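> from the sequence below, what's the structure:
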Amino acid sequence: MSTIFNHSFNSIVELRHVISILIACACGWAIGYERKARNKQAGVKTHIIVALTSALMMILSKEAFLDTPSYDTSRVAAQIVSGISFIGGGIIFTRDKKVSGITTAAGIWATAGIGMAIGADFWIFGSFCSFIVVLVQLVTHSNGKNHEIYQAKIVLETNDISLLGKIYTNLGTLDFRKYNVELKEQLSNNSYDILISIENDREISIIDIETFLLNEDKNIKIKEFKLKNYMKS
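The predicted structure is shown next:
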């Protein structure tokens with residue numbers, strides 16, 4: 001009888017943990033979806049994983065080592081705060097004396113806290129905080145001035161790898177908002193695929209970019225050219 005009772009009790013406890021993980025994932029999804037909709041660096045997958053992992057570590061910290069004498073139950077949970085700082089630091093970056101990614105990094109930090117709260121069985125409290133985070137993001141952005149951002153991604157093939165640095169340097173003369181040039185792939189025929197990413201406040205002209213690239217090297221081959229735009233507040 002005692003064995004049956006213990007088995008039933010353990011099943012109930014594990015079910016509670018599964019529910020905690022699912023609620024944490026839902027809260028992470030809600031926060032991440034808002035970030036993804038605004039084309040930020042960290043989106044749905046990142047926020048779900050952070051919330052899930054924080055809840056999991058909180059559950060382990062709280063219950064996995066109960067049979068260990070003099071165990072500090074806050075030890076594992078405390079490392080969540082330390083670990084999340086590395087992710088947040090990787091999201092924040094500076095270019096041309098402008099800092100970006102601070103709000104997204106703060107959202108990651110908040111998501112970790114929400115995951116910890118849910119892992120500690122504060123389901124309603126954690127869900128409410130998740131709602132507040134999303135609400136703050138929506139309200140503050142809706143009060144801002146929206147403007148359109150244009151993006152371009154170009155893949156080109158060349159036999160001259162030194163062209164990568166040359167293109168990056170010369171793109172700086174075109175006054176784009178953001179740009180990056182990187183090696184995408186080294187091909188088997190001693191040629192290279194180079195990926196160019198451009199972001200701008202004004203519409204990006206395909207003809208102007210193609211002319212610019214052909215002026216850099218007449219022998220390059222433009223394999224892919226994608227344009228998109230979105231609203232940013």
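
> confidence-wise, which helix or strand of this structure is lowest on average?
strand 93-95 (a mean of 58; mean pLDDT, DSSP states H and E).

> and stretch 152-167, how far apart are its ends?
15 Å (Cα to Cα, to the nearest Å).

> for Ser54, which non-adjacent residue is closest in space?
Nearest residue to Ser54, sequence neighbours excluded (Cβ to Cβ, 6 or more residues apart in numbering): Gly115, at 2.9 Å. Just so you know, the C-beta spots here come from the backbone N, C-alpha and C atoms, and that holds for glycine as well.

> so which elements touch the host helix or strand of that neighbour?
Counting by DSSP states H and E, the element that carries Gly115 is helix 102-119. Counting contacts by 3 or more Cβ pairs under 8 Å, 6 or more residues apart in numbering; DSSP states H and E, helix 102-119 is packed against helix 2-37, helix 44-63, helix 75-91, helix 123-142.

> can you give me the distance of the residue nearest the centre of the chain to Ala110?
When Cα atoms, centre = their mean is applied to the chain, the residue found nearest the centroid is Ala42 (1.4 Å). For Ala42, the distance to Ala110 equals 12 Å [Cβ to Cβ, to the nearest Å].

> over to Leu22?
Taken as Cβ to Cβ, the span from Leu22 to Ala110 is 19 Å.

> residue contacts, Gln151?
Applying Cβ atoms under 8 Å, 6 or more residues apart in numbering to Gln151 gives the contacts Ser197, Ile198, Glu199, Asn200, Ile204, Leu227, Lys228, Asn229, Tyr230.

> on that earlier part again, so of the helices and strands packed on helix 102-119, which one's packed in deepest?
Highest mean neighbour count of these: helix 44-63, a mean of 22 (counted as mean count of other Cβ atoms under 10 Å).

> residues contacting that one, please?
13, 17, 20-21, 23-25, 27-29, 31-33, 35-36, 73-77, 79-80, 84, 87, 107-108, 111-116, 118-120.

> quick one: Gln151 is in a strand?
Yes - counting by DSSP: H, G, I helix; E, B strand; the rest coil, Gln151 is part of a strand.

> identify the bridge partners of it.
Beta-bridge partners recorded for Gln151 (DSSP bridges): Glu199, Lys228.

> what about it, distance to Ile114?
31 Å.

> export the contacts of Gln151 to TSV and tack on neighbour count and distance to Tyr179?
Shown next, in TSV, are the contacts of Gln151 (neighbours: other Cβ atoms under 10 Å; distance: Cβ to Cβ, whole Å):
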residue	neighbour count	distance to Tyr179
Ser197	15	7
Ile198	20	5
Glu199	16	7
Asn200	18	9
Ile204	19	10
Leu227	15	14
Lys228	11	15
Asn229	13	16
Tyr230	11	17
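
> which one of those residues sits closest to Ile102?
Glu199 (17.9 Å; Cβ to Cβ).

> how is the chain partitioned into domains?
Listed domain ranges for the chain are 11-140, 149-230 (source: the TED database).

> now the last one, how far from the centre of its chain.
Here domain 149-230 is found 24 Å from its chain centre; the criterion is Cα atoms, centre = their mean, to the nearest Å.

> tell me which element Leu156 falls in.
strand 147-158.

> give the buried residues for that strand.
Ile149, Tyr150, Gln151, Ala152, Ile154, Val155, Leu156, Glu157, Thr158 (16 or more other Cβ atoms under 10 Å).
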